[in-house]
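Asker: fold the stuff below for me.
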Amino acid sequence: MSGGRVERRLAAILAADVAGYSRLMEADEEGTLAALRAVRREVSDRKIAEHRGRIVKTTGDGLLIEFASVVDAVCYAVDVQRAMAERNAAMPEEKRIEFRIGIHQGDIIAEDGDIFGDGVNLAARLEGLAEPGGICVSGRVHADVAGKLDVGFTDLGEQQVKNISRPVRVFRAQLGTPKSAVETTTPLPLPDKPSLAVLPFQNLSGDPEQEYFADGMVEEITTAIARLPWLFVIARNSSFTYKGRAVDVKQVARELGVRYVLEGSVRKGGNRVRITAQLIDTATGAHIWADRFDGVLDDIFELQDQVASSVAGAIEPKLRQSEIERASRTPTANLTAYDLYLRALAQFSRYTEEGLAEAVVLARQALAIDPAYAPAAAMVGWCRGMQRLQGWGGLSADDVAEACSLARQALEAARDDSGTVWQAAYTLFVLAGEAAMAAAALDRALALNPNAALAWTAKGFIHAARNQPGAAIEAIERARRLSPFDPMAFFYAANNALAHLAARRFEQAVEWADRALHDQPRLVSAMRLKVAALAHLGHLDAARAELSRVLAIDPKLTIAGFRQYAHFAAPELLELYVAGLRLAGLPE
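Answerer: Alright, predicted model coming up:
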């Protein structure tokens, strides 16, 4: 260094450059230099003085400015970019002068009129992240100006930038419209079913070449979620208009007319990649679901498939639950067939005798409003199957006939609705013993939506009941991977218990029955399985104690009654099951 005085101080540093400078100079060198001189004279220099800044140095296409105040630095940047947007509006695109601006606040070293240090380097890196006409600021700058200016910011998360060892929190200024104007934008009306937009995922890798991977991930997830017919999913082309833009989820909700937004990020390091995703209710700002996925980039497309499948499978029950909670707050005077169906789902999830009975009443009310509403038709059969399973409700022949008729109606009316198809298939298997038809319908449901966790567990149940334990366990494990925290996960465990009973692995059957009962203590099917498995293990005292709990819920259960209920089971499995119940003392 020279012998000049060295000084340290805290400052706001602004770095700017001209986007596409080389292209502009190659096309018209003299015209470009003249235009730049005019911009600096008429816009930049005047506003630097207005906001008490100091030009540290200029290059052919760049500018480094120091401000004592972060607010002054951001005000200068916003004023310049808005002024340049006005100047450029009437100019041909190939002749426009557009600046990229980065701002950081940090400790600097000043010497002979120049400034040095990490703060200067970081401002330059932030400028490189900004789009033409845009501004990127560090987290420190954002914290200091938040709420003080009529400009919004989008959190771009932590970014890895060149020659800076630690990740940097970056925010992008929203320049297109002042924040106050954005808040008064007329929102699009919400569709008549839950609506969702999958936003472009942020690439946090510091490697622009990974953009294709992040974009491909979003396309796969959008395609997977779009298979859910009860959900209104914004097309990829519309969602991708937000790529590289300042994004606020409430603004997205207004502009696209959606209730939910799925956003995420991709970070690559070496051969490993981490993908994060979160589902947000835009009405409340609440995070409904969030998760992360770690993988190896040996096969990028397989990893994209796995993550897309996991995200779609995991958020479906979360969306359902959120919609159920919303419907429960809807005034009864405003109920539609859809709201009644959601209320029926809420009653079903209570899994009590009263809850299942009320779910049938609500589903019938939905059908009274819309006789062609297939989800409600399938719901009646699903509830009747569960009532038969539990020994509740004293189902009459007319109840069973109505449930089967509605299930067939639902299958015909909703051939493209995976959820409706699998529920109807389950009903016709349990109540009518139509195994071949049910298996074919379930295959169709899973072709429509391979990520439908409950359809996989229904498939597992049918395999187990038909004495095919290997195929049953494979299907149920697929369900558990897709939706590990599903509110109805006790079905997975109960069906696994049945599969292990069929395989004569009685200890594992007891373990899975206990898992089901941990989540749903009154699940009679799991209790019965535990009784039979304990009896076959020779633990007769424990089997009799469990049987007493079964009979407290289903006091009319007998061997003959169980045979009538389980008519759909393969004969060899039915005899194994009955033998266990008989050993435990269930009366004939």
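Asker: and this structure, what are its domains?
Answerer: Annotated domains of the chain cover 6-182, 195-316, 330-449, 451-588 [automatic domain parsing].
Asker: where do the strands sit along the stretch 251-400 of the chain?
Answerer: For the stretch 251-400 of the chain, applying DSSP state E, counting those that start in this stretch gives strands covering 260-269, 272-281, 286-296.
Asker: going along the chain, name the helices of the stretch 201-350 of the chain.
Answerer: For the stretch 201-350 of the chain, the helices defined by DSSP state H, counting those that start in this stretch cover 211-225, 236-239, 249-256, 300-328, 337-350.
Asker: those helices: lowest mean pLDDT?
Answerer: Lowest mean pLDDT of those: helix 236-239, a mean of 68.
Asker: can you classify the residue lying closest to residue 444 once chain neighbours are set aside as helix, strand or coil?
Answerer: Ranked by C-beta to C-beta, 6 or more residues apart in numbering and with sequence neighbours excluded, the top spatial neighbour of residue 444 is residue 421, at 5.9 Å. In short, each C-beta sits where N, CA and C put it, glycine included. Secondary structure state of residue 421, per DSSP: H, G, I helix; E, B strand; the rest coil, is helix.
Asker: again with residue 156
Answerer: Quick answer, by three-state DSSP: residue 156 is strand.
Asker: for it, what are its contacts?
Answerer: 129, 136, 170, 171, 172, 202 (C-beta atoms under 8 Å, 6 or more residues apart in numbering).
Asker: of the helices of the stretch 201-350 of the chain, flag the one that's most buried.
Answerer: Sort those by mean neighbour count, taking mean count of other C-beta atoms under 10 Å, and helix 337-350 sits at the top with a mean of 22.
Asker: which helices and strands does that one pack with?
Answerer: helix 300-328, helix 353-369, helix 374-390 (3 or more C-beta pairs under 8 Å, 6 or more residues apart in numbering; DSSP states H and E).
Asker: and the angle for the first one with strand 260-269?
Answerer: Right, helix 300-328. Angle, helix 300-328 to strand 260-269, by axes from the mean of the first three to the mean of the last three C-alpha atoms, to 10 degrees: 150 degrees.
Asker: and helix 300-328, what does it pack against?
Answerer: Looks like helix 300-328 contacts helix 211-225, strand 260-269, strand 272-281, strand 286-296, helix 337-350, helix 453-465, helix 469-482 (3+ C-beta pairs under 8 Å, 6+ apart).
Asker: format those as CSV; extra columns: distance to residue 77.
Answerer: Shown next, in CSV, are the helices and strands packed on helix 300-328 (distance: least, C-beta to C-beta, whole Å):
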stretch, distance to residue 77
helix 211-225, 26
strand 260-269, 26
strand 272-281, 29
strand 286-296, 31
helix 337-350, 48
helix 453-465, 49
helix 469-482, 46
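Asker: residue 111: which of these is closest?
Answerer: Nearest of the helices and strands packed on helix 300-328 to residue 111, taken as C-beta to C-beta: strand 260-269 at 37.1 Å.
Asker: returning to what we had before: make TSV out of the helices of the stretch 201-350 of the chain and add distance to residue 524.
Answerer: Converted to TSV, the helices of the stretch 201-350 of the chain look like this (distance: least, C-beta to C-beta, whole Å):
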stretch	distance to residue 524
helix 211-225	35
helix 236-239	45
helix 249-256	44
helix 300-328	23
helix 337-350	15
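Asker: so which of these is nearest residue 395?
Answerer: Here helix 337-350 is closest among the helices of the stretch 201-350 of the chain (C-beta to C-beta), at 16.0 Å.
Asker: send the alpha carbons of the closest one over as CSV?
Answerer: Extracted in CSV, the C-alpha atoms of helix 337-350 (Å, rounded to 0.1, in the frame of the first residue of the first chain):
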residue,chain,number,x,y,z
ALA,A,337,-71.9,-30.4,-1.7
TYR,A,338,-68.1,-30.1,-1.5
ASP,A,339,-68.2,-28.6,2.0
LEU,A,340,-70.6,-31.3,3.2
TYR,A,341,-68.2,-33.9,1.8
LEU,A,342,-65.3,-32.4,3.7
ARG,A,343,-67.4,-32.4,6.9
ALA,A,344,-68.1,-36.0,6.2
LEU,A,345,-64.4,-36.7,6.0
ALA,A,346,-63.9,-34.9,9.3
GLN,A,347,-66.5,-37.1,10.9
PHE,A,348,-65.0,-40.2,9.4
SER,A,349,-61.5,-39.3,10.7
ARG,A,350,-63.0,-39.3,14.3
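Asker: residue 116 contacts residue 108, correct?
Answerer: Yes: counting by C-beta atoms under 8 Å, residue 116 touches residue 108, with 6.8 Å between them.
Asker: so for these two, which sits in the more crowded spot?
Answerer: residue 108 (24 against 13; other C-beta atoms under 10 Å).
Asker: confirm the more buried one sits in a strand?
Answerer: Yes: counting by three-state DSSP, residue 108 is located in a strand.
Asker: which residues touch it?
Answerer: By C-beta under 8 Å, 6+ apart, the residues touching residue 108 are 8, 9, 10, 11, 13, 66, 115, 116, 117, 119, 120.
Asker: who's it bridged to?
Answerer: residue 9 (DSSP bridges).
Asker: the helices and strands packed on helix 300-328: which one's closest to residue 325?
Answerer: Of the helices and strands packed on helix 300-328, nearest to residue 325 by C-beta to C-beta is helix 337-350, at 8.2 Å.
Asker: now that closest one against helix 300-328, angle please.
Answerer: Counting by the same axes, to 10 degrees, helix 337-350 lies at 100 degrees to helix 300-328.
Asker: quick one: contacts of helix 337-350?
Answerer: Counting by C-beta under 8 Å, 6+ apart, 192-193, 320, 323-324, 326-328, 330, 335, 355-356, 358-360, 362-363, 365-367, 369-370, 373, 375-376, 379, 382-383, 386, 487-488 sit against helix 337-350.
Asker: quick check: angle from that helix to helix 353-369?
Answerer: 170 degrees.
Asker: pull the distance from helix 337-350 to the chain's centre.
Answerer: Its chain's C-alpha centre and that of helix 337-350 lie 22 Å apart, by C-alpha atoms, centre = their mean, to the nearest Å.
Asker: with adjacent residues omitted, what lies nearest to residue 570?
Answerer: Leaving aside its chain neighbours, residue 570 sits nearest to residue 467 (3.8 Å; criterion: C-beta to C-beta, 6+ apart).
Asker: ok, now residue 554?
Answerer: What sits nearest to residue 554 in space, not counting adjacent residues and going by C-beta to C-beta, 6+ apart, is residue 391, at 3.1 Å.
Asker: now do residue 243
Answerer: residue 200 (4.1 Å).
Asker: repeat for residue 585
Answerer: In space, residue 585 is closest to residue 544, 5.6 Å off (C-beta to C-beta, 6+ apart).
Asker: does the one you found sit in a helix, a strand or a coil?
Answerer: helix.
Asker: I'd like the numbering to begin with 738 instead of 1 from here.
Answerer: I'll keep to 738 as the first residue from here, and by that count the last item is residue 1281.
Asker: that one - how many residues pack around it?
Answerer: Neighbour number of residue 1281 under other C-beta under 10 Å is 16.
Asker: do the one 4 residues further on as well
Answerer: Around residue 1285 sit 12 other residues, with neighbours defined as other C-beta under 10 Å.
Asker: could you measure it against residue 1278, distance?
Answerer: The gap separating residue 1285 from residue 1278 is 11 Å, by C-beta to C-beta, to the nearest Å.
Asker: residue 787 now?
Answerer: According to C-beta to C-beta, residue 787 and residue 1278 sit 89 Å apart.
Asker: who has more neighbours, those two?
Answerer: Taking other C-beta under 10 Å, residue 787 and residue 1278 do not tie; residue 787 has more neighbours (12 against 9).
Asker: ok, that one to residue 780 distance?
Answerer: Note on residue 787: its distance to residue 780, by C-beta to C-beta, is 11 Å.
Asker: any shared contact partners between these two?
Answerer: Overlap of the contact sets of residue 787 and residue 780 (by C-beta under 8 Å, 6+ apart) is empty.
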